[in-house]
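Colleague: 3D, please:
(2 chains)
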Amino acid sequence: MATRLKDTDVVVIGLGAAGGVAVLPLAQAGLEVIGLEAGGAMTRRDFAPDEIRNNVRGWPMLASHKTNQEAPTVRASASQQAVQGGHPMMNAIGGTSLHYWAQHWRLNPWDFKVASETKRRYGASRMPKGSTVEDWPFGYEELEPYYDKIEYELGVSGQAGNINGAIDARGNVFEGPRKREYPMPPLRWTAFHDRMAAAAKQLGWHPFPGPAAINSRSYQNRSGCMYHGFCNTGGCHVDAKNSTAVTTVPRAQATGHFKAVTGAVVTSISVDAKGRASGVTYLSNGEEFFQPAKVVLLASFAYENSRLLLLSKSAAYPNGLSNNHRQVGKHYFSHHQGAPVTALFPFNVGAWYGLPAQGVAVDDWADDNFDHGGHDFIGGANLWAMSDRRPIAAAGMNTFGLAPGWGSQWKAFIKQNADRSHSSYIQKTTLPYEDNYLDLDPVVKDPQGLPVIRITGEYKENERKLAAFSQDRMEEWYRAAGAIAIARGPVGGAMTASTHAYGGTRMGDNPETNVVNRWGMSHEVPNLGILGGSVMGTSGAHNPTHTVQALAWRTADHIVKTWKEIGA
Amino acid sequence: MADDHPRVISRRDLLKKAGAAGAASVATPMAVLSVAGAASEASAQTVSQNAGPPRRQEALENMTAADADLLDAVLDRLIPSDEHGPGAREARVIHYIDRALGGALASSRPAYTAGLASLDHYAQSSRGRRFPDLSSADKDSVLTDVETSAATGFAGGSARFFAMVLSHARQGMFGDPYYGGNANFVGWDLLGYPGIRTMVTAADQKAYEDGQLKPNHKSAYDYDGFNKATARNGEHTHEEASHGDKA
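Modeller: Take a look at the predicted model:
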């Protein structure tokens, strides 16, 4: 029998990038907020620059045991048997914002209107077959104030390219208009970044430094970046990475209205006789607790969001919570960010010290920034040339057919070339399709006996064609910068568990095709809000976290403004 | 993610390169290492100026001596001690693997036991000698068979065993010395990696680009303030569970 705890105004499930943001505006408004976090609290002492610990063996027990126990199973299509893989996320206060790359992009205005803009500009016949993509219920302008809020509240470094319509060629000339400049200048460039930027200009493109939720100088009494080279899947030893653990969460705690409960694994959301959410049940050290609340905010990442809803069955919601329209798990997709292009240069690239969020971006081939009249796909790709290298990974470098993978010749090759290769990061427009979805796995269960989520998904023709096109552009860029050998990754395949996971609880005005409304509140359960990439219906060509956090703040704002109605 | 570099080499390339490598390689310090190997072909070779340290500087923690001898012979071909610098022996890669088999790599123990036995058996049946007693060129050709799944007698396929050993070999060669390998930072020196730093200024970066940044030979845990238990035991600071007030 679960121990029943005292009622609270809002309970937030998950204190990562999304939940960790939402607690601040709620607590600042004076609502009593409890955050349930499956992991623990980590500090800078836990963030040693240690490739074996961070990158080879994965994160320590408490930070990954929940995600590993419930890692999704994966299959490309419904005719296949799904196989359990790994889980890319971690559990802790701050969640994966502790060790992510922290590239902090706004979406392009086109990403909010993919369906209508494609039809308007190229005709309905150009919509990819089988895609369920819809326009967002609002445009970029609606989210702009929240993007701005996140940039200043958490701290984002970058160079503006469009302030109220005034174009600045130092920044991204393709970005939507922003109200003001970033609060910090961009992270510094290396000699290699200068070379890549010059090569892009030579091609007639518009290179610029990418935005990062990392301090380029001291901000809010926290240090600037130390460029030590262990940022990728590593926490920051000087708190320069602006995870929610060092920004919004401690500020929420300081209001006196927010309490974080660590080691709490939520197993279900309950409803009352009227079909409203009444609270959540969680396990802590083998003991069961029930936390009642007036409003429940689900912020446990795309896989766990859909999973927890599907597991929370009741008389009012026999197919799972908020699933009477059978939309939970639908419109799922993993961002197409594979298909890398790797280049070999005849000189050192200088990438040992630096970070993935430091580098040169090109958006000339992203979104709808170029005319697709002569192409057979829609959308585009962000091309990103960064700094990121560690010794074990460097030793596993591509040898471009010039050397074997071991032995004396290999040793000679890596001795000369360990710092001469560069691998691009290319994020592409990825769409939802009818037959890509999440559901509960019929076989694989976690140690509590609860089914894990199953991903059924593969990249379709539009993603594959776009991937091949963007590889051509990337190769062109590398060649212009002096590359002497190029290797390409495969362009298609199954959608595996990803840090960029979208859909499952999509946002939209139509309850027949969407789980949450334009405010991020369930169409069916009026006091249930859902946060995270699971509400996003399009990916754009950039990392999702900034948009996830802007949406989380906006949903929290909405709850505060309509508390009398929603919290009643 | 950026850590995963796809590597595509044709088998033909590999055979060609591995053969050339075997033929060109300098003699390795087999005499120091061979098991009761006075009669072995290797011991008849000239021991080069690169004679490395003894195979084991301390007692094995998890492997049997016989398995360790076999693995040592494999590691010495994967990352040989040669004119390009120290190899797996100097880095004490076997110490890294032996120690990890009692911890983070414990689940790989059966795969090592079975795979090493299969390797030795395959060497005897296909080349007529135990693996440690083969010439360098024959060892390389056996390992190429193992890498390309051409070797018989391996449960689950020989390629899987090879990939496991190679990945652990790289961890032991190029990982932080805290874990027992990369002794004297020989792996990092081979790559030209100038070492763990907790702060890299723009001037440091410029110095590196100009070839002026000297290796500092520091482990992450040579710096004060990092929690070693996080790495060793997989534990980190965790307060006692605290909940909302009881109703």
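Colleague: Wondering if the strand ranked longest in chain A reaches chain B at all.
Modeller: Of all the segments assigned as strand in chain A under DSSP state E, the longest by residue count is strand A:287-298. Yes. With Cβ under 8 Å from any Cβ of the partner chain as the criterion, chain B is reached by strand A:287-298 at A:289, A:291-292. Where C-beta positions appear, they are placed from N, C-alpha and C, glycine not excepted.
Colleague: didn't residue A:219 look like it was pressed against residue A:212?
Modeller: No. Between residue A:219 and residue A:212 there is no contact, the gap being 11.8 Å when judged by Cβ atoms under 8 Å.
Colleague: for chain B, longest helix please?
Modeller: When secondary structure is assigned using DSSP state H, the longest helix within chain B turns out to be helix B:109-127.
Colleague: So that helix, near chain A or not?
Modeller: No. Shown here: helix B:109-127 not in contact with chain A (Cβ under 8 Å from any Cβ), separated by at least 14.8 Å.
Colleague: burial measure for residue A:173, as a count.
Modeller: A count of nearby residues for residue A:173, using other Cβ atoms under 10 Å in any protein chain shown, gives 15.
Colleague: Now do the contacts for it.
Modeller: A:161-162, A:167, A:206, A:208 (Cβ atoms under 8 Å, 6 or more residues apart in numbering or on different chains).
Colleague: Please repeat the previous calculation with a cut-off of 6 Å.
Modeller: Contact analysis of residue A:173 by Cβ atoms under 6 Å, 6 or more residues apart in numbering or on different chains lists A:161, A:167, A:206.
Colleague: List the buried residues in the helix or strand that comes right after the longest strand of chain A.
Modeller: Next helix or strand after strand A:287-298 toward the C-terminus (DSSP states H and E): helix A:302-311. With burial defined by 16 or more other Cβ atoms under 10 Å in any protein chain shown, the residues of helix A:302-311 counted as buried are A:302-311.
Colleague: about what we covered before: as JSON lines, the residues of strand A:287-298 next to chain B with neighbour count and pLDDT would be great.
Modeller: Formatted as JSON lines, these follow (neighbours: other Cβ atoms under 10 Å in any protein chain shown; pLDDT from 0 to 100):
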{"residue": "A:289", "neighbour count": "22", "pLDDT": "98"}
{"residue": "A:291", "neighbour count": "27", "pLDDT": "98"}
{"residue": "A:292", "neighbour count": "19", "pLDDT": "98"}
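Colleague: Nearest to residue A:423 among the residues you listed?
Modeller: Compare each of the residues of strand A:287-298 next to chain B with residue A:423 using Cβ to Cβ and the shortest gap goes to residue A:291, at 44.6 Å.
Colleague: Check the contact between that closest one and residue A:280; I expect there is one.
Modeller: Yes. Under the criterion of Cβ atoms under 6 Å, residue A:291 lies in contact with residue A:280, with a separation of 5.5 Å.
Colleague: Quickly list what's touching both of the two.
Modeller: Taking Cβ under 6 Å, 6+ apart as the contact rule, residue A:291 and residue A:280 both touch residue A:11.
Colleague: Give me the neighbour count for the residue lying closest to residue B:79 once chain neighbours are set aside.
Modeller: Closest residue in space to residue B:79, ignoring its immediate chain neighbours: residue B:88 at 4.0 Å, by Cβ to Cβ, 6 or more residues apart in numbering or on different chains. Residue B:88 has 28 neighbours, counted by other Cβ under 10 Å.
Colleague: Could you work out the end-to-end span of stretch A:372-389 for me?
Modeller: Stretch A:372-389 has its terminal residues 35 Å apart, counting by Cα to Cα, to the nearest Å.
Colleague: Report the buried residues of that stretch.
Modeller: Judged by neighbour count using 16+ other Cβ under 10 Å, the buried positions of stretch A:372-389 are A:372, A:377-389.
Colleague: and chain B, which of those residues contact it?
Modeller: The overlap between these and the neighbours of chain B (Cβ under 6 Å from any Cβ of the partner chain) comes to residue A:388.
Colleague: Which one of the buried residues of stretch A:372-389 is nearest to chain B?
Modeller: Within the buried residues of stretch A:372-389, the smallest distance to chain B is 5.0 Å, found for residue A:388 (Cβ to the nearest Cβ).
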